[in-house]
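Participant: coordinates only, sequence not included:
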Ligand SMILES: NC(=O)CC[C@H](N)C(=O)O
């Protein structure tokens, strides 16, 4: 039996446990386990943001993934009360009801925390939500590995007792691959939900929507109706919405066939529409474009994107592993709207004739500046044009 060599120095309920992260290529990272003692398998990805672990961990787009934060010290501002809601009944600092990432990997975990709004520490939160975390990992080495080899499956094991590395390797081999997983039934709402009482509404098709998207649409002055990912257009239109938003979400967009069919009809009917991240990919596919998987994705808060309409550069927040193929856009009625300044990937598309816009980045995210809130205003403008025509 090959055992982990790093022995916990002291035992506590939430931290100082045995911990190991094993990659699909056989690389073993030993660390100190924290949070919940369990074994998870998922796609190892990294996010380069300096803050925002609460928003990232609760973002449904991280479902099925083991999240590495490259910022070296994590947890020092703790975690606010997860049950606190705003006047619309939307959870305040959290992007969804629970932690969505399968596990968390950090360099140094702050076991003490300080913040005016703090309710608990990060390790306690992970423990409560039955999520394993590992600290003491050389996250630079891990990130270099993922950048050079590409994202890959990994096992994260946290245990109160010794871990058998060869046994974990065997389990990892037979674990379901991220690319084969179905996420929609797990992340999407089962029933429509309404936020606000305004007479004009926007329907959000929930493929794993972040609460910040709901909040931003509310701040435009619309009632929000969140509907399941596979809701028919007929049912959507029964709400008589002014516009539609295709949300962010986990996994490969080609798996969202029903949502794609709705998107085709939405394009056909020229309903004012905004797609965000997964929603942008779904709209692109519905319009005849292709998508592909990036080697290691874009996950961070300072990704510069160029608006090709005015050559203005925006600092955007991103979390995507898939992308729209720019070549394939040529066979569609969509044109390139935003491009990533670093690698020239597609970060936004716009229909040439119809009121359909979509961004690959997250206009709702606000790690600091509110650079991209104008994207929501763009949807409102399209709705205004639509109203003027009727
Ligand atoms: N944030 C998202 O909506 C992610 C979209 C898609 N799952 C991707 O990884 O590209």
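Facilitator: Happy to help now that I have it. The structure presented is a predicted model; accordingly, all values stated were derived computationally and were not measured.

Participant: And the next helix or strand past the longest strand belonging to the chain?
Facilitator: With residue count as the measure and DSSP state E as the assignment, the chain has strand 291-307 as its longest strand. Taking DSSP states H and E as the definition, the helix or strand that follows strand 291-307 towards the C-terminus is strand 312-324.

Participant: mind showing which ranges of the stretch 251-390 of the chain have poor pLDDT?
Facilitator: Where the stretch 251-390 of the chain drops to pLDDT under 70, the residues are 367-369.

Participant: how about 50 then?
Facilitator: Judged against pLDDT under 50, the stretch 251-390 of the chain has no low-scoring part.

Participant: which bits of it sit near the ligand?
Facilitator: On the criterion Cβ under 6 Å from any ligand atom, the ligand has as its neighbours in the stretch 251-390 of the chain the residues 251, 277, 278, 319, 320, 321, 322. Where you see a C-beta, it was placed from the backbone N, CA and C, and this is true even at glycine.

Participant: among those, which two are most distant?
Facilitator: 251 and 319 (12.5 Å; Cβ to Cβ).

Participant: Between these two, point out the one with more neighbours.
Facilitator: Relative neighbour count places residue 319 above the other of residue 251 and residue 319, with 29 against 26, counting by other Cβ atoms under 10 Å.

Participant: Next up, the contacts around that one.
Facilitator: For residue 319, the contacting residues are 47, 56, 59, 61, 62, 248, 277, 297, 298, 299, 362, taking Cβ atoms under 8 Å, 6 or more residues apart in numbering as the criterion.

Participant: State the distance from it to residue 106.
Facilitator: 17 Å (Cβ to Cβ, to the nearest Å).

Participant: and residue 384, which of the three is it?
Facilitator: With DSSP: H, G, I helix; E, B strand; the rest coil as the basis, residue 384 sits in helix.

Participant: Just want to check the distance between it and the ligand.
Facilitator: Using Cβ to the nearest ligand atom, to the nearest Å, residue 384 is found at 27 Å from the ligand.

Participant: just residue 179 next, same as before
Facilitator: Applying Cβ to the nearest ligand atom, one obtains 11 Å for the distance of residue 179 from the ligand.

Participant: wait, doesn't that residue sit right on residue 254?
Facilitator: No. Residue 179 is beyond contact range of residue 254, at 10.4 Å (criterion: Cβ atoms under 8 Å).

Participant: how close does residue 18 get to residue 55?
Facilitator: If you measure residue 18 against residue 55 using Cβ to Cβ, the figure is 29 Å.

Participant: And for residue 304?
Facilitator: Residue 304 is 20 Å from residue 55, where distance means Cβ to Cβ.

Participant: what does residue 346 give?
Facilitator: 24 Å.

Participant: Can you verify residue 168 is assigned to a strand?
Facilitator: No. Counting by three-state DSSP, residue 168 is located in no strand; its state is helix.

Participant: Count the residues that sit near it.
Facilitator: Under the neighbour criterion other Cβ under 10 Å, residue 168 is assigned a count of 22.

Participant: ok, back up a step: between residue 304 and residue 55, tell me which one has more neighbours.
Facilitator: Taking neighbours as other Cβ under 10 Å, residue 304 and residue 55 compare with residue 55 leading, 23 against 12.

Participant: For the stretch 101-250 of the chain, which residue gets nearest to the ligand?
Facilitator: Among residues of the stretch 101-250 of the chain, the one nearest the ligand by Cβ to the nearest ligand atom turns out to be residue 248. It sits 3.1 Å away.

Participant: That residue contacts residue 279, doesn't it?
Facilitator: Yes. Using Cβ under 8 Å, residue 248 makes contact with residue 279 at a distance of 6.5 Å.

Participant: in the stretch 151-300 of the chain, which spans are strands?
Facilitator: 152-159, 193-195, 201-206, 223-228, 243-246, 273-276, 291-307 (DSSP state E, counting those that start in this stretch).

Participant: partner strands of the second one, parallel or antiparallel?
Facilitator: According to DSSP bridges, strand 193-195 forms sheet pairs with strand 223-228 (antiparallel).

Participant: What of the fifth one?
Facilitator: Strand 243-246 pairs in its sheet with strand 201-206 (parallel), strand 273-276 (parallel), by DSSP bridges.

Participant: pLDDT of the longest one, averaged?
Facilitator: Read it as strand 201-206. Strand 201-206 shows a mean pLDDT of 98 in the predicted model.

Participant: Residue 360 against residue 326, yeah?
Facilitator: No. Look at residue 360 against residue 326 with Cβ under 8 Å: they stay out of range, at 11.4 Å.

Participant: who touches both of the two?
Facilitator: Common contact partners of residue 360 and residue 326 (Cβ under 8 Å, 6+ apart): 345, 346.

Participant: sorry, back to before: return the member of the contacts of residue 319 nearest to residue 339.
Facilitator: When the contacts of residue 319 are compared for distance to residue 339 (Cβ to Cβ), residue 298 comes out closest, at 12.4 Å.

Participant: Backbone torsions only: list them for residue 75.
Facilitator: Main-chain torsions, residue 75, degrees, to the nearest 10: phi 110, psi 0.

Participant: Looks to me like residue 366 is in a helix.
Facilitator: No. Remark: residue 366 does not belong to a helix; assigned using three-state DSSP, it is coil.

Participant: What distance do you get for it to residue 219?
Facilitator: The span separating residue 366 from residue 219 equals 12 Å under the rule Cβ to Cβ.
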